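Undergrad: need a structure here:
(4 chains)
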Protein chains: 2
Amino acid sequence: MGQDRPSADAQAAENGGSAKVARGPGRRLHGAIAHKLGTAILSGQYAPGDVLSGEVAFAEELDVSRSAYREAIQVLTAKGLVESRPKAGTRVLPRNRWNLLDPEVLAWAFAGEPDIQFVRDLFELRAIVEPAAARLAAQRRDRNDIKIMKDALAAMRRHTLATDLGRAADRDFHNAILDATRNDALQVLSASIGAAVNWTTQYKQRARALPRNPIPDHVRVFDAIVAGDAAAAAEAMGVLVDLALEDTASAMGG
Amino acid sequence: MGQDRPSADAQAAENGGSAKVARGPGRRLHGAIAHKLGTAILSGQYAPGDVLSGEVAFAEELDVSRSAYREAIQVLTAKGLVESRPKAGTRVLPRNRWNLLDPEVLAWAFAGEPDIQFVRDLFELRAIVEPAAARLAAQRRDRNDIKIMKDALAAMRRHTLATDLGRAADRDFHNAILDATRNDALQVLSASIGAAVNWTTQYKQRARALPRNPIPDHVRVFDAIVAGDAAAAAEAMGVLVDLALEDTASAMGG
DNA sequence: CTCCGTTAATTACTCCGACATATTACAGGA
DNA sequence: TCCTGTAATATGTCGGAGTAATTAACGGAG
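TA: The predicted structure follows:
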């Protein structure tokens, strides 16, 4: 919820010199510049160690003021993508300095062709975190958590996962589980990964036949959490993650 | 490594009006402003929903230019702490929008009195992630990984954990494990959490008698990884995390 | 010839003042 | 009461000037 989806703007290449940044609605100019540069870095267009052109040159090339350009650079710096030093210029940092779990960085990473290896890493992390979250949720959920999950599950039954409403219900269900863990750090982490991973499924085809009805698997997780059975909840969630992995793997042809 | 430790500048309060920002060496002005505001937000000095004074007013109050102030705000915006809209002003976002796993945000969170609940959340997350990392490391480590871990372990034996060199060796050991997982996302996550958690142990007293010799427990992890025994590696790492938890709990009086 | 201190050039950093834009709030009319 | 248009206000963007810091070149001493 609230996560801005990556807009694949691969058509913005080669305008023949005037590389003006495209600012969508509600997006400030410096935000658009950050998006442009961020996707360029994440896509490997700029490699770690590369130095960007000087402020004046680059700002002029993008046809924006130096202020806007600098504010964009501050954003990239805040996310660990680049580092600026007087005389040395602004250079792209090594990949292990990047805040790969930052929601915006994840969005940039999936704006273009997602890196297979990175997707694998994220799924691996998800397979570690999500079952543990379900385990905690089973131990700490209260009546209110259960009600929210129940409603979300009912909504999932009404609308299929191929619809927006269905996917929203799916998100609500998983968010309810995260809320029930009573762990802010886990919540933030899982929400970011979940959003990013879901983008991969939408990447190739949006509405295609799902491999199998996901409702029963969700119900298993729900029942285990309601029963307070931590082990069963973790196991059932593991199945759910594996299912999503298969789905994504087939969608990406891996 | 490379993680800047939070500098507890609690003395910077109440200067009687001239709230000039203190910029340490190597820290730009906008970075100092971001640090000041970031710690203020993380410490609860500004609550979610609060609106900051206008740009001109606040910049003047801090005795900095509007440009520098704005660049600092962009940093905070990039980390999900605040949101600025024309006419509405800049307001602090709800806590679940904060990028709590951002290294700088973690540093800000631990710059003052760390929130007990948040520390508990981080340890919980660590207890989930670290054993899993050890499991993967046991499956994927190569000869080079083992050599680095071995050297770090030897350094840990020479210098105790009470020394800087000893702690550096400890970091090297754990970083080597993370490298061996071959998972960038896991690496970034665990490095952030590990750094933050270590700050808590240094918070109260720096060099005090450790509850017990940590070397044997580290050796158990090392041996399991060398042997490629995933289950044993995860179990041994779990012990290590629990040990750190006890250590921190006693240090914080919980 | 090597090493070290000095100098100079380049680059980001900071400041300033003005204008543009978006959003809210208010007032007026249907 | 609700809707619409208008005005006020704070952020957003711009261009330029001057400062500070760091690197690299240079020159002299050993």
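
Undergrad: Sketch out the low-pLDDT regions of the stretch 51-200 of chain A for me.
TA: The stretch 51-200 of chain A contains no residues with pLDDT under 70.

Undergrad: And A:Ala154, how far from A:His174?
TA: To A:His174, A:Ala154 is 15 Å away according to C-beta to C-beta, to the nearest Å. Heads up, the C-betas are built off the backbone N, CA and C, glycines and all.

Undergrad: between these two, who's got more neighbours?
TA: Each of A:Ala154 and A:His174 had its neighbours counted (other C-beta atoms under 10 Å in any protein chain shown), and the higher figure belongs to A:His174 (23 against 10).

Undergrad: Which helix or strand contains that one?
TA: Using DSSP states H and E, A:His174 sits in helix A:164-180.

Undergrad: does any part of that helix sit near chain B?
TA: No. In this structure, helix A:164-180 remains apart from chain B according to C-beta under 8 Å from any C-beta of the partner chain; the gap is never smaller than 9.1 Å.

Undergrad: In that helix, which residues are buried?
TA: For helix A:164-180, the neighbour count (16 or more other C-beta atoms under 10 Å in any protein chain shown) marks A:166-167, A:169-180 as buried.

Undergrad: which element follows it toward the C-terminus?
TA: Heading towards the C-terminus - elements assigned by DSSP H and E - helix A:164-180 is followed by helix A:184-203.

Undergrad: which other helices and strands contact that next one?
TA: Judged by 3 or more C-beta pairs under 8 Å, 6 or more residues apart in numbering or on different chains; DSSP states H and E, helix A:184-203 is in contact with helix A:103-109, helix A:116-140, helix A:164-180, helix A:230-252, helix B:116-140, helix B:184-203.

Undergrad: and it, how far from the chain's centre?
TA: Here helix A:184-203 is found 5 Å from its chain centre; the criterion is C-alpha atoms, centre = their mean, to the nearest Å.

Undergrad: And the contacts of whichever helix or strand comes after it?
TA: Scanning forward in sequence from helix A:184-203, with DSSP H and E defining helices and strands, the next element found is helix A:215-227. Counting by C-beta atoms under 8 Å, 6 or more residues apart in numbering or on different chains, helix A:215-227 makes contact with A:134, A:137-138, A:141, A:146, A:149-150, A:153, A:156-157, A:173, A:177, A:180, A:232-233, A:235-237, A:239-240, A:243, all of which sit outside it.

Undergrad: How about stretch A:91-102 and chain B, touching?
TA: Yes. Part of stretch A:91-102 sits close enough to chain B to count as contact by C-beta under 8 Å from any C-beta, namely A:Arg95, A:Asn96, A:Arg97, A:Trp98, A:Asn99, A:Leu100, A:Leu101, A:Asp102.

Undergrad: Endpoint to endpoint, that stretch covers what distance?
TA: End-to-end span of stretch A:91-102 (C-alpha to C-alpha, to the nearest Å): 20 Å.

Undergrad: Chain A against DNA strand D: which residues are in contact?
TA: By C-beta under 7 Å from any atom of the strand, the part of chain A that sits against DNA strand D consists of A:23, A:28-30, A:64-68, A:71, A:85-88.

Undergrad: Which of the residues you listed are buried? Put it as a ChimeraX command.
TA: Buried members of those, identified by 16+ other C-beta under 10 Å, are gathered into one ChimeraX selection as follows:
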select /A:23,28,29,30,64,68,71
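
Undergrad: hmm, back to that, may I see the buried residues of helix A:164-180 arranged in a markdown table, with distance to B:His35 as well?
TA: Below are these laid out as a markdown table (distance: C-beta to C-beta, whole Å):
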| residue | distance to B:His35 |
| --- | --- |
| A:Gly166 | 44 |
| A:Arg167 | 39 |
| A:Ala169 | 41 |
| A:Asp170 | 39 |
| A:Arg171 | 34 |
| A:Asp172 | 36 |
| A:Phe173 | 39 |
| A:His174 | 34 |
| A:Asn175 | 32 |
| A:Ala176 | 36 |
| A:Ile177 | 35 |
| A:Leu178 | 30 |
| A:Asp179 | 31 |
| A:Ala180 | 34 |
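
Undergrad: separation between the spatially most central residue of chain A and DNA strand C?
TA: Against the mean C-alpha coordinate of chain A, by C-alpha atoms, centre = their mean, the closest residue is A:Ala196 at 2.3 Å. From A:Ala196 over to DNA strand C the distance is 26 Å, taken as C-beta to the nearest atom of the strand, to the nearest Å.

Undergrad: Ok, A:Met149 next?
TA: With the distance defined as C-beta to the nearest atom of the strand, A:Met149 ends up 32 Å from DNA strand C.

Undergrad: what does stretch A:41-61 rub up against?
TA: A:19, A:37, A:40, A:65-66, A:68-70, A:73, A:76, A:81-82, A:88-95, A:105, A:108-109, A:111-113.

Undergrad: if you look at those residues, which of them are in strands?
TA: Among the contacts of stretch A:41-61, the subset assigned to strands under DSSP state E consists of A:Val82, A:Gly89, A:Thr90, A:Arg91, A:Val92.

Undergrad: quick one: which of the residues you listed has the most company?
TA: Neighbour counts for the ones in strands among the contacts of stretch A:41-61 were taken using other C-beta under 10 Å; the highest belongs to A:Val82, with 26 neighbours.

Undergrad: residue of chain A with the smallest distance to DNA strand D?
TA: A:Leu29 (2.5 Å; C-beta to the nearest atom of the strand).

Undergrad: Tell me which residues touch that residue, please.
TA: Contacts here follow C-beta under 8 Å, 6+ apart; on that basis A:Leu29 touches A:Val21, A:Arg23, A:Val64, A:Ala68.

Undergrad: And for A:Arg95?
TA: In this structure, A:Arg95 makes contact with A:Pro48, B:Asp184, judged by C-beta under 8 Å, 6+ apart.

Undergrad: quick one: it and DNA strand C, what's the gap?
TA: Shown here: A:Arg95 relative to DNA strand C, a distance of 21 Å by C-beta to the nearest atom of the strand.

Undergrad: For that residue, give its distance to A:Ala109.
TA: As defined by C-beta to C-beta, A:Arg95 lies at a distance of 11 Å from A:Ala109.

Undergrad: Which neighbours do these two have in common?
TA: Jointly contacting A:Arg95 and A:Ala109 under the rule C-beta under 8 Å, 6+ apart is no residue at all.

Undergrad: Show me which residues of the stretch 151-254 of chain A sit near DNA strand C.
TA: Proximity of the stretch 151-254 of chain A to DNA strand C (C-beta under 7 Å from any atom of the strand) involves no residue at all.
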